[in-house]
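A.B. asks: Here's a sequence, model it:
(2 chains)
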Amino acid sequence: MSHPNTDSFELIDTEREGALDAPTARRLELVLKNHWPVALEREWMFLFDDVRDEVPGDDDVDDLVEAVLARFEAKTPTVAMNSLSDGRAKALLARPDGRPAPLDTRQAKAIAPETTTRQWLALVGARSARSTRWVSAAVVLLAIGTGWTARGLVGDPPSASPVVATKALTESPPPLSANQVFARAELAYNRGATQRAVRLYRRVIRRYPRSDAARLARLALARTLLDDLAAPEEAAAAFATFLDHHPSDALAQDAAVGHAEALERTGEDATQTWRSILQRFPNTPAATIASRRLR
Amino acid sequence: MNESDSGLLRFQAHVRTRRDSSMRIRQRPDPYAGLVMRAKQGDRQALGDLMRALAPRLRGAARAVFGGDHADVDDLVQESLLAVAGALRSFEGRSTILHYAYRITVRTCLAERRRMRRRQERVQLHESPEGLRSPEAASTENVVAILRRNVLRRLLDELPGPQAETMALRVCLGMSLDEVAQATDAPTNTVRSRMRLARQSLRRQIEDDDEARDLLEGWI
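C.D. replies: Predicted coordinates for the structure are as follows:
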């Protein structure tokens, strides 16, 4: 018999094609009995078949594909600053160390989505001292030479992920901060990519559970589930999670109202929840809403 | 009927009923050849359709090779699709586009696993393989099967790049020797040689790893 390491590949392939005849089956059996690495490999192959099977939700690829196409078509992958609110633009412009980038929001808004490094640095240069302009000019020349874009100065585009795809992209980006991931979630939400936004909210919560961004993400996730995805049960659970984590937070009343609304939409009687809001948050907008609902 | 007979019958039945993806992707000609041609000519609609056709399969492939939770898997698929779109112009059709995309996905997943290890997030990665903690996975999946799959993923991390890629394509994605050869654009004998070396390395690693041996008890 040939060496099992050579022959066993064809034997396993034949078996997986369902084309085993009796003599070949006996050969395979003999190889498997005597060479456990071959048997192990074969068992693993069948074990992995289960994971590759499509699961519910695998066909839901529209958001994913749109994100890929947008990134692919963006010749200069820059952030669409025009679409951001002030707070979101600031968050997006934050550096990995948490400090704000040198531009203020109004300037950031003035930058078109297709802003190149040259335009970006020209804007920076316009507000800088004369000496800084020379430095900026030098950086512009370097940037043009190396193909940098404005994106390179402020972080990755919102749809990018920390994953490295190919050798061409092997320059790993620095780990994203909680604020950056949250900013991406907000950007995705504003673009209508709700599912992606939900995934990113969940990522912030999972990876940075104690951060301030996670606090906001908990509420944003709950609101998105309730208002955009019509998932009141999940939303109710998400609001409850927020209230568990941040019972005395300034946003707790918003979460409490959301929780009651979500319970109502599931068909449950939320009367008791509205009453508890009246007691817990007296003389607040939440109490006004609660008393109106109880009438 | 003795025990070995029942084992063979089990797997023959398995192959007949499941029609696993390694067989589906053998179809010739490439079912996506038309889309690929139009996408290469700059047809955005065709590129979108191609991405939509590949994405569900790549999700499964990324789950197999990477494990991990859903959000990470989608990131990997997005990166893989982006790389496929970028490489489309140089795609010469020596394999099917699905094989080609599988290879890119495998590379992406392996690179990400290694990157995560370098960042010492190993605990996070290995503590929750394939959403071991999620109730639905735990209720429908055999926990031992999940752990056994994770043993292979961990061992793949230790293999040299080409061996890990070949092993992942064959074992995790269930591709035949010829399919791996086409996907990697390598002679079949080279694939065979890589697999042989990978098997030897895995054997050594398993023999030195008490935890892996315990998990694979009954198989080795």
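A.B. asks: isn't A:Val31 right up against A:Asp7?
C.D. replies: Yes. The pair A:Val31 / A:Asp7 is scored as a contact, 7.0 Å apart, by Cβ atoms under 8 Å. (Each C-beta comes from the backbone N, C-alpha and C, glycine too.)
A.B. asks: which one of these two has more residues nearby?
C.D. replies: For A:Val31 against A:Asp7, the residue with the higher neighbour count under other Cβ atoms under 10 Å in any protein chain shown is A:Val31, and the figures read 21 against 15.
A.B. asks: measure that one to B:Gln200 for me?
C.D. replies: Using Cβ to Cβ, to the nearest Å, we find A:Val31 at a distance of 16 Å from B:Gln200.
A.B. asks: what do you get for A:Asp58?
C.D. replies: According to Cβ to Cβ, A:Asp58 stands 36 Å off from B:Gln200.
A.B. asks: So between the two, which is more surrounded?
C.D. replies: Relative neighbour count places A:Asp58 above the other of A:Asp58 and B:Gln200, with 16 against 13, counting by other Cβ under 10 Å.
A.B. asks: Identify each buried residue in the helix or strand hosting B:Arg154, please.
C.D. replies: Secondary-structure element containing B:Arg154, defined by DSSP states H and E: helix B:143-158. When neighbours are counted by 16 or more other Cβ atoms under 10 Å in any protein chain shown, the buried residues of helix B:143-158 are found to be B:146-157.
A.B. asks: With stretch B:181-199 instead?
C.D. replies: Using 16+ other Cβ under 10 Å as the burial criterion, the residues of stretch B:181-199 that qualify are B:181-184, B:186, B:191-199.
A.B. asks: ditto for stretch B:198-208
C.D. replies: Of the residues in stretch B:198-208, those buried by neighbour count under the rule 16+ other Cβ under 10 Å are B:198-199, B:201-202, B:206.
A.B. asks: I'd like to know which of those is nearest to chain A.
C.D. replies: Within the buried residues of stretch B:198-208, the smallest distance to chain A is 4.7 Å, found for B:Arg199 (Cβ to the nearest Cβ).
A.B. asks: which residues does the closest residue to that closest one other than its chain neighbours contact?
C.D. replies: The spatial neighbour of B:Arg199 that comes closest, neighbours along the chain excluded (Cβ to Cβ, 6 or more residues apart in numbering or on different chains), is A:Pro37 at 4.7 Å. Neighbour list for A:Pro37: B:199-200, B:202-203, B:220 [criterion: Cβ atoms under 8 Å, 6 or more residues apart in numbering or on different chains].
A.B. asks: I'd like the next helix or strand past the host helix or strand of A:Pro37.
C.D. replies: A:Pro37 belongs to helix A:36-52 when assigned by DSSP H and E. Next in sequence after helix A:36-52, counting helices and strands by DSSP H and E, comes helix A:62-73.
A.B. asks: That following helix: which residues count as buried?
C.D. replies: Along helix A:62-73, these residues count as buried under the neighbour rule (16+ other Cβ under 10 Å): A:63-72.
A.B. asks: Identify, from the residues you listed, the entry nearest to A:Asn179.
C.D. replies: Distance to A:Asn179, by Cβ to Cβ, is smallest for A:Ala67 among the buried residues of helix A:62-73, at 20.4 Å.
A.B. asks: is it true that the closest one touches A:Arg196?
C.D. replies: Yes. The pair formed by A:Ala67 and A:Arg196 meets the contact definition of Cβ under 8 Å, at 6.5 Å.
A.B. asks: which sections of chain A are below the confidence cut-off?
C.D. replies: Along chain A, the parts satisfying pLDDT under 70 run over A:1-6, A:54, A:56, A:75-175.
A.B. asks: picking up where we left off before, next one: the helix holding B:Arg154 to chain centre, how far?
C.D. replies: Taking the mean C-alpha point of helix B:143-158 and that of its whole chain, the gap between them comes to 13 Å (Cα atoms, centre = their mean, to the nearest Å).
A.B. asks: and if you look at stretch B:203-218?
C.D. replies: In this view, stretch B:203-218 has its centroid 21 Å away from the chain centroid, taken as Cα atoms, centre = their mean.
A.B. asks: can that stretch be found next to chain A?
C.D. replies: Yes. Applying Cβ under 8 Å from any Cβ of the partner chain, one finds that stretch B:203-218 is in contact with chain A at B:203, B:206, B:216.
A.B. asks: Same list, those, but as CSV with pLDDT, distance to B:Ala83 and secondary structure please.
C.D. replies: Shown next, in CSV, are the residues of stretch B:203-218 next to chain A (pLDDT from 0 to 100; distance: Cβ to Cβ, whole Å; DSSP: H, G, I helix; E, B strand; the rest coil):
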residue, pLDDT, distance to B:Ala83, secondary structure
B:Arg203, 89, 33, helix
B:Ile206, 88, 32, helix
B:Leu216, 83, 33, coil
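A.B. asks: Now do the strands in chain B.
C.D. replies: Assigned by DSSP state E, the strands in chain B number zero.
A.B. asks: Next, please give the residue ranges for the helices of chain B.
C.D. replies: Under the criterion DSSP state H, helices of chain B are mapped to B:3-18, B:21-24, B:33-40, B:44-66, B:70-87, B:97-118, B:122-127, B:135-140, B:143-158, B:161-167, B:177-184, B:188-207, B:210-215.
A.B. asks: If you count contacts, what does the third one end up packed against?
C.D. replies: When contacts are defined as 3 or more Cβ pairs under 8 Å, 6 or more residues apart in numbering or on different chains; DSSP states H and E, helix B:33-40 packs onto helix B:44-66, helix B:97-118.
A.B. asks: Need the mean per-residue confidence for the shortest one.
C.D. replies: So the one you mean is helix B:97-118. Confidence for helix B:97-118, expressed as mean pLDDT, is 89.
A.B. asks: and what of the longest one?
C.D. replies: Over the span of helix B:44-66, the pLDDT mean works out to 91.
A.B. asks: Name the nearest residue to A:Thr273, ignoring sequence neighbours.
C.D. replies: Per Cβ to Cβ, 6+ apart, closest to A:Thr273 is A:Ala260, 4.3 Å.
A.B. asks: Name the next helix or strand following the strand or helix carrying the one you found along the chain.
C.D. replies: With secondary structure defined by DSSP H and E, A:Ala260 is part of helix A:252-265. On the C-terminal side of helix A:252-265, the nearest following helix or strand under DSSP H and E is helix A:271-280.
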